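In: Structure for this input, please:
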Amino acid sequence: MAEDIEAARAASNRATAAAPVDPAAASIADPAPLGLAAFALTTFVLSMFNAGLVDNKGEPIVLGLALAYGGGAQLLAGMWEFRKGNTFGATAFSSYGAFWISFWAYVTFFASSRATCGWPRFAPPRP
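Out: Numbers count the residues shown, from 1 in each chain. Sure thing, here's the model as predicted:
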């Protein structure tokens, strides 16, 4: 009986043992603070423009943040999360990074040709 318990315990330990850690992935710093900071700052600055707290002359600031920090840095953070094996972080940061890059491209190449009807440039049209 005791031998059966020991055999079951050994089998359980083998089944639940942690996977070996990849030394290359372990040497990468945690990319989550970079991704969260990029998301927070870019969203905050865009919201200040949408709320009318900042003059629209500062539009290049939002577009620069959207492309480089909100887009590029978040996309990099997502890829580093992927390398570390964090699927949720990889999906979230890569998706937000792609969103900010597409936002920059939309405003740069398409929205500038549309009439804004007097509303702030980045705000959606109001009914």
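In: pull the longest helix from the chain.
Out: The residue-count maximum for a helix in the chain (DSSP state H) belongs to helix 87-109.
In: Quick check: buried residues in that helix?
Out: Within helix 87-109, the residues scored as buried using 16 or more other C-beta atoms under 10 Å are 89-90, 92-94, 96-97, 99-101, 103-104, 107. Glycine gets a C-beta too; all of them are placed from N, C-alpha and C.
In: what's next to it, contact-wise?
Out: 31-32, 35, 38-39, 42, 63, 66-67, 70-79, 81-82, 121-122 (C-beta atoms under 8 Å, 6 or more residues apart in numbering).
In: Apply 6 Å and report the result again.
Out: By C-beta atoms under 6 Å, 6 or more residues apart in numbering, the surrounding residues in contact with helix 87-109 are 32, 35, 39, 63, 66-67, 70-71, 74-75, 77-78, 81-82.
In: Show me which pair in those is furthest apart.
Out: Taking C-beta to C-beta as the measure, the contacts of helix 87-109 span a maximum distance of 26.9 Å, between Leu63 and Phe82.
In: Give me the residue at the spatial middle of this structure.
Out: Centroid check for the chain by C-alpha atoms, centre = their mean gives Phe93 as the closest residue, at 2.2 Å.
In: which non-adjacent residue is nearest that residue?
Out: Of all residues not flanking Phe93 in the chain, Gly78 sits nearest, at 3.5 Å (C-beta to C-beta, 6 or more residues apart in numbering).
In: what residues does the helix or strand containing the one you found touch?
Out: Following DSSP states H and E, one finds Gly78 within helix 74-84. By C-beta under 6 Å, 6+ apart, the list of residues contacting helix 74-84 from outside reads 25, 28, 31, 34-35, 38, 89-90, 93-94, 96-97.
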